[in-house]
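1. attaching a predicted model along with its sequence, questions to come.
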Amino acid sequence: MMPFSARTLIVVAVGGGFAILGNMLSYVMVGQINQRLPENERISYLWWDLRVRKKHREMYPESKLASLFDLCGILMVLCFPLLLWSFGILSNPFKTP
């Protein structure tokens, strides 16, 4: 017997896919920003914050990467209620075990 249903595994895979895609997009944005900055002002790939989105939008106003990064974050958060639903928690939230 499988410990999790196929529905749960699919929701986890989709949510994880959005997380990985968002991470990859953030690395691309940091790389593009670092191409235009001098050596002493470059951003680390490991320690950065959401100011990267703002700086990327300023340097590349026509780019859609920041919007795609935001979309991945939103879709990843929306997968959480789906995960609760797949566990059966949202079907009857007041049910005691």
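-> Cool, the structure landed.
2. tally up the residues packed near Leu25, please.
-> For Leu25, the count of nearby residues is 21 (other Cβ atoms under 10 Å). C-beta: built from backbone N, CA, C; applies to glycine.
3. same deal with the one 3 residues further on?
-> Burial of Val28, expressed as a neighbour count using other Cβ under 10 Å, amounts to 15.
4. next: Ser26.
-> 21.
5. ok, now which ones touch it?
-> Going by Cβ atoms under 8 Å, 6 or more residues apart in numbering, Ser26 touches Trp48, Val52, Phe69.
6. now do the SS call for the first one.
-> Spelled out, that is Trp48. Look at Trp48: counting by DSSP: H, G, I helix; E, B strand; the rest coil, its state is coil.
7. okay but it is in contact with Gly31, surely?
-> No: counting by Cβ atoms under 8 Å, Trp48 does not reach Gly31; the two are 11.4 Å apart.
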